[in-house]
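>>> Okay, predicted coordinates and the sequence, questions at the end:
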Amino acid sequence: MKKVFFVSALTLASFTAFSQDALNKAMVDQFRKDKEKSDKDVSDPKNSAKATFWMERAKLYENIAMSGSEVDSSAAKTALEAYKKVVELDLTKKGEAGKSSKEATKALNGEEGTSLFNAFVKQGAEKYQNKNLNGALEMFQLAQEVNKKDTTAALYGGIAAQQLEKKDDAKTQFATYINNGGKDPSVFYGLAQLYRGDNDFDKAIETLNKGLEKSPGNKDLKSEIVNILLASGKEDQAIAELTALTTSDPKNVQNLVNLAILYDNTNTRATQKIKELNNKLGSGSNKAANAAKNLESEKGKIEVFDGEIKRISALIKKQPKNADLKRQLADVTGKKKEAIAAVATLESEAKAAAESSASTDKTGLEKELADLKAKQANASSKAIESYKKVLELEATNYDALYNLGVFYFNEAVQLKGEVDNMNMTEYQQKGKEVEGRVCGKFQKAKPFFEKAVAAKDESEAKENLATVNSVLEQFAGKGITCVE
């Protein structure tokens, strides 16, 4: 993920703070004296009732702010309030705005020829440089009140808010920058990251698309759309976006690697889902069949018990005083009763299993299974194709080499599962042939792990290579011929 801070220093020439040493000492002293006098006169009812006093105070504090001196680091705020007092007090007898009021209004609206907006931005930049981020944010926000169409203050306000981890303020500031016509692609990227952090994926993608309207060829914005689609679970859309990127920039190795991995992941998930659906399709029928089998077995016991009862009863007729025969008859009769009760239970279970099997939407599941198999086959093919394109451009690309090795390794493991599930008869019929193909898959994985180890000394590749070599030795010991 890219770092989200956009600019590091706020050092534009027009806003750089001058050191106090660079100012005329007499000017600084004069600012201090004028400030003290103005602050004192605020409490004078006569002075504070005059629009002219507030206009002088507004311009004084505006000049202090623009001078870059340390006389008052928040002078722009005082100038703002003073201009507002001018507008309040300078009214004609008809209640209309006077000359000073109109001039103050222009300053408050950041019109051409006025300096209040620049005063806020300058003092905001100074606070930022002094690491007073909260103060900087406040100044940039007030600057935007003065000039609602500007992008500079919104940009820097967003940066300060983001470093303060005030995400809502950052989003507001960056959105204002964009809405006012800002074009910096890093702002669109960063705002999208903020939305992504809130899991507002649609808003994030909308922001990135707006950025692409301003910067159509920006690769970072395009790549981030793919990342957000993946984060939001929209893998098919991510594949479509990344495919477009690889088409427009076919020699971009990383895009090809990412596309291959997407297809690889799709193949893995589809394979697992296919297994689950096969189990689901078979489980209902198997359960019903097992229940019916158990029922028939229990009914068979009753027949056996009936035969025994008949046999023992005949013997008792011949030997009416034989206590052992009577005991045997009682024992068998009791077991028959247990079997009859068990049959009743099993009949209920068999009926429920049969109904459950009948209610399973086999047609729907079979359709889903067929679709999944087609998706899995396509993803498998595309993954291999994309990995091989990577290796055509960069033969030692570790990710492509290692992932191709894992791909064939997993295919071998999956195929081996078929052998493990065979009974003796099935194994005698086709076990050796399937094992040959299993061996072939492991053999196919081996050179990719070898090249991956050569490209980068990673333990995962070395461990997998060791496993493959061990398995191949076992097959050789069993006399299995590897078949691809």
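Right, received. Where do you want to start?

>>> So Ala160 versus Lys317, what's the distance?
108 Å (C-beta to C-beta, to the nearest Å). Every residue, glycine included, has its C-beta placed from N, CA and C.

>>> next one: Leu230
84 Å.

>>> mind giving me the domain split of the chain?
Annotated domains of the chain cover 13-182, 267-363, 395-477 [automatic domain parsing].

>>> Pull the distance from the second one to the chain's centre.
Here domain 267-363 is found 52 Å from its chain centre; the criterion is C-alpha atoms, centre = their mean, to the nearest Å.

>>> Could you list which residues are in contact with the nearest residue to Ala383 once chain neighbours are set aside?
In this structure, Ala383 finds its nearest non-sequential neighbour in Tyr263, 3.8 Å apart by C-beta to C-beta, 6 or more residues apart in numbering. The contact partners of Tyr263, taken as C-beta atoms under 8 Å, 6 or more residues apart in numbering, are 239, 379-380, 382-383, 386.

>>> Neighbour count for Ala160 and Lys317, which is higher?
Shown here are Ala160 and Lys317; by other C-beta atoms under 10 Å, Ala160 has more neighbours (27 against 8).

>>> residues contacting that one?
Contacts of Ala160 (C-beta under 8 Å, 6+ apart): 124, 128, 133, 136-137, 140.

>>> Now rank those by neighbours and give me the top one.
Phe140 (30 neighbours).

>>> measure that residue to Val146 for me?
11 Å.

>>> Need the residues touching each of those two.
Phe120.

>>> Out of the contacts of Ala160, the closest to Glu56 would be?
Checking the contacts of Ala160 against Glu56 with C-beta to C-beta, the nearest one is Gly124 at 24.5 Å.

>>> Point me to the helix or strand that includes the closest one.
Assigned by DSSP states H and E, Gly124 belongs to helix 116-129.

>>> Go through that helix and flag the buried ones.
116-128 (16 or more other C-beta atoms under 10 Å).

>>> Output these in a markdown table, with distance to Lys273 and pLDDT appended to each entry.
A markdown table is the format used below for the buried residues of helix 116-129 (distance: C-beta to C-beta, whole Å; pLDDT from 0 to 100):
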| residue | distance to Lys273 | pLDDT |
| --- | --- | --- |
| Leu116 | 63 | 94 |
| Phe117 | 59 | 94 |
| Asn118 | 61 | 93 |
| Ala119 | 63 | 93 |
| Phe120 | 58 | 93 |
| Val121 | 56 | 94 |
| Lys122 | 61 | 93 |
| Gln123 | 60 | 94 |
| Gly124 | 55 | 94 |
| Ala125 | 56 | 92 |
| Glu126 | 60 | 92 |
| Lys127 | 56 | 93 |
| Tyr128 | 52 | 92 |
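
>>> With distance to Asn179 as new columns, can those residues be given to me in TSV?
Output for those, formatted as TSV (distance: C-beta to C-beta, whole Å):
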residue	distance to Asn179
Leu116	22
Phe117	18
Asn118	22
Ala119	24
Phe120	20
Val121	19
Lys122	24
Gln123	25
Gly124	20
Ala125	22
Glu126	27
Lys127	25
Tyr128	23
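
>>> of those residues, closest to Ala339?
Among the buried residues of helix 116-129, and counting by C-beta to C-beta, the member closest to Ala339 is Tyr128, at 88.5 Å.

>>> That closest one contacts Lys122, correct?
No. If you go by C-beta atoms under 8 Å, Tyr128 and Lys122 don't touch, sitting 10.7 Å apart.

>>> Can I get stretch 452-459 as CSV, trimmed to CA atoms?
Output of stretch 452-459 as CSV, limited to C-alpha atoms (Å, rounded to 0.1, in the frame of the first residue of the first chain):
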residue,chain,number,x,y,z
ALA,A,452,12.7,-20.2,-7.5
VAL,A,453,15.4,-21.3,-5.0
ALA,A,454,18.1,-20.1,-7.4
ALA,A,455,16.3,-16.8,-7.9
LYS,A,456,15.8,-16.1,-4.2
ASP,A,457,17.0,-18.0,-1.2
GLU,A,458,13.6,-18.4,0.5
SER,A,459,12.8,-21.2,3.0
